Each structure stands twice: as C-alpha cells, then as structure tokens.
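J.: When you get a sec, could you give me coordinates for this:
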Amino acid sequence: MKIAWKQHLTGYAFIGPFVLGFLIFTLVPMFVSLYLSFTDYDLFSAPEWAGLANYKKMFLHDPKYWNSLKVTFLYVLGGVPLRLLFALLIAMLLNTASRAIGLYRTLFYLPSIIGGSVAVSIMWRNLFGDEGV
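T.: Numbering: from 1, shown residues only. Take a look at the predicted model:
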C-alpha cells in the first residue's frame, strides 16, 4: 500500500508542472477573457457589467465582424484544399521512380537549406558585426 502511494505521488510530481502551467497560462486567461467579454472595460477603470451588449454590438452592428467571417471561410474553403492538393502533388512527384528523382528532391529542398543558412548568417552578422556601432 505504501509503495503504491509513493508511485502515485511520483506521478503527480511529474505531471504537476504541466497542470500548473496549463492552469496559469491557458484556463485562467480563458475564463478571464470570457468574463471580460461581458463587461465594459478599458484597462484604466474597473470593469462594469454590460451583459450581452458587447455580443449584440458585434453580431448586429459591426461590419468588420462579418467581413472577418467571410475572409475566414474563403480561406478555409478555398485556400486549405488547394494547399493540400498542391502538397499531395509535390509528394507524389517526389515519390516517383524516375531517373531525375535526385534532381527533383535537391531542387525542392534546396531553398529550405539555403534559406536557413542565410538567416543564421545574417543573425550572426547583426550580432557580431561592427558596422553601425
């Protein structure tokens, strides 16, 4: 019985940091933002309860909200399937048995390799370069 209790305590000790971080950085901000969405709050004064007035204003009187929904659905219904189709076509091209498959793969991965190297070199130059000092 004592060994099982120690094992449980060890498990709780290992999962404790995640649970604590999840509570502090995820659940608490979610509930605070939910509460603040029902208030009139401007960072300089105490929140005043507004009820559903903020949601009524957003759903019925804010054209930016409906425009954002339109753009989001356009992206989800148009952009995501096209990107998936393009990714599938590239994957099928890179997986074919061809004499030039090495060239295809090299040309496909070369920008990612060069781009990372260039970014790192610019970072080091900016950190340790003496120009502009």
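
J.: hey, let's count contacts and neighbours off CA atoms from now on
T.: Noted.

J.: now the chain, which segments are flagged as low pLDDT?
T.: Applying pLDDT under 70 to the chain flags the ranges 1, 131-133.

J.: contacting residues for the most centrally placed residue in the chain?
T.: In the chain, the residue lying closest to the centroid (C-alpha atoms, centre = their mean) is residue 26, at 13.7 Å. Neighbour list for residue 26: empty [criterion: C-alpha atoms under 8 Å, 6 or more residues apart in numbering].

J.: Which secondary structure state does it sit in?
T.: Under the three-state scheme (DSSP: H, G, I helix; E, B strand; the rest coil), residue 26 adopts helix.

J.: Okay, helices next: where are they in this protein?
T.: With DSSP state H as the criterion, the chain has helices at 2-22, 28-37, 53-61, 63-74, 80-94, 101-128.

J.: Ok, which of those comes nearest residue 46?
T.: Judged by C-alpha to C-alpha, the one of the helices of the chain that comes nearest to residue 46 is helix 28-37, at 10.6 Å.

J.: hmm, back to that, and the helices of the chain as a markdown table, adding distance to residue 44 and mean neighbour count?
T.: Compiled in a markdown table, those are given as follows (distance: least, C-alpha to C-alpha, whole Å; neighbours: other C-alpha atoms under 10 Å):
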| stretch | distance to residue 44 | mean neighbour count |
| --- | --- | --- |
| helix 2-22 | 28 | 11 |
| helix 28-37 | 14 | 13 |
| helix 53-61 | 18 | 12 |
| helix 63-74 | 25 | 12 |
| helix 80-94 | 41 | 12 |
| helix 101-128 | 39 | 12 |
